[in-house]
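> Structure, please.
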Amino acid sequence: MKQNNLAFDYSVYDEAVRSGSIDEDNTSETRAAVVKEPSAHRTTSIIKAFFIAVAVMGILFAMIYGRVELTALYSQQSDMEAELTRLRNENVSLESELAQKTGLTKIEDYAENQLGLKKLDRTQIEYVEVPKTAVAKAAETGEDNFFVSIKHWFNSVLEYIGAQ
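Numbers count the residues shown, from 1 in each chain. A predicted model of the protein is given here:
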């Protein structure tokens, strides 16, 4: 029995020698055929292992990329929330400034200091009485023709029945 070399699997060759089908003095061609078959199997297993390694690396890369994108989105969200908080604070500030500028005390202060106006007190109120005889009346013209008289009569009838 020969010792096995780690580079080649001679177990197939040893079994053929024991069974008597292959002589130990066989040609190098037969030995090459026996050696090539395990080498082809080994090549396919190396290719399979390579593709499995590439697939695993691809999956790991996809997971890492997903985490990076998720971290970027969380960062963007926190930036947007900070911006929203800043804008809300600015809005509150502007609303209070607007209320201060349009408040009644501010308007009164502007009217007194800038325009020179003063508030009325009871001593400044004066009541005016208008005599009832001083009501103005339209002067009547003496030129009433027939059609104007009919119009006046018709208006008085409507007034009487309450239609006007």
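> Can you list the low-confidence ranges for this protein?
1-38, 134-136, 139-144, 164 (pLDDT under 70).
> Let me see the ranges of the helices in it.
Using DSSP state H, the helices found in the chain span residues 11-19, 28-101, 104-113, 146-161.
> Quick one: these as a markdown table, columns for distance to Leu120 and mean neighbour count too.
C-betas here are computed from N, CA, C, even on glycine. Shown next, in a markdown table, are the helices of the chain (distance: least, Cβ to Cβ, whole Å; neighbours: other Cβ atoms under 10 Å):
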| stretch | distance to Leu120 | mean neighbour count |
| --- | --- | --- |
| helix 11-19 | 122 | 13 |
| helix 28-101 | 25 | 10 |
| helix 104-113 | 12 | 11 |
| helix 146-161 | 43 | 10 |
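> Let's have those in TSV, adding distance to Gln124.
Output for those, formatted as TSV (distance: least, Cβ to Cβ, whole Å):
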stretch	distance to Gln124
helix 11-19	127
helix 28-101	29
helix 104-113	15
helix 146-161	44
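> so which of the ones you listed comes closest to Pro131?
Among those, the nearest to Pro131 by Cβ to Cβ is helix 146-161 (27.2 Å).
> Restrict the closest one to CA atoms and write it as PDB.
C-alpha atoms of helix 146-161 as PDB (Å, rounded to 0.1, in the frame of the first residue of the first chain):
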ATOM      1  CA  PHE A 146    -101.300 116.100 -15.800                       C
ATOM      2  CA  PHE A 147     -98.900 113.100 -15.800                       C
ATOM      3  CA  VAL A 148     -97.000 114.300 -12.700                       C
ATOM      4  CA  SER A 149    -100.300 114.700 -10.800                       C
ATOM      5  CA  ILE A 150    -101.200 111.100 -11.700                       C
ATOM      6  CA  LYS A 151     -97.800 109.900 -10.500                       C
ATOM      7  CA  HIS A 152     -98.300 111.700  -7.200                       C
ATOM      8  CA  TRP A 153    -101.800 110.300  -6.800                       C
ATOM      9  CA  PHE A 154    -100.500 106.800  -7.500                       C
ATOM     10  CA  ASN A 155     -97.600 107.200  -5.000                       C
ATOM     11  CA  SER A 156    -100.100 108.400  -2.300                       C
ATOM     12  CA  VAL A 157    -102.300 105.300  -2.900                       C
ATOM     13  CA  LEU A 158     -99.400 103.000  -2.600                       C
ATOM     14  CA  GLU A 159     -98.400 104.800   0.600                       C
ATOM     15  CA  TYR A 160    -101.900 104.500   2.000                       C
ATOM     16  CA  ILE A 161    -102.000 100.700   1.500                       C
END
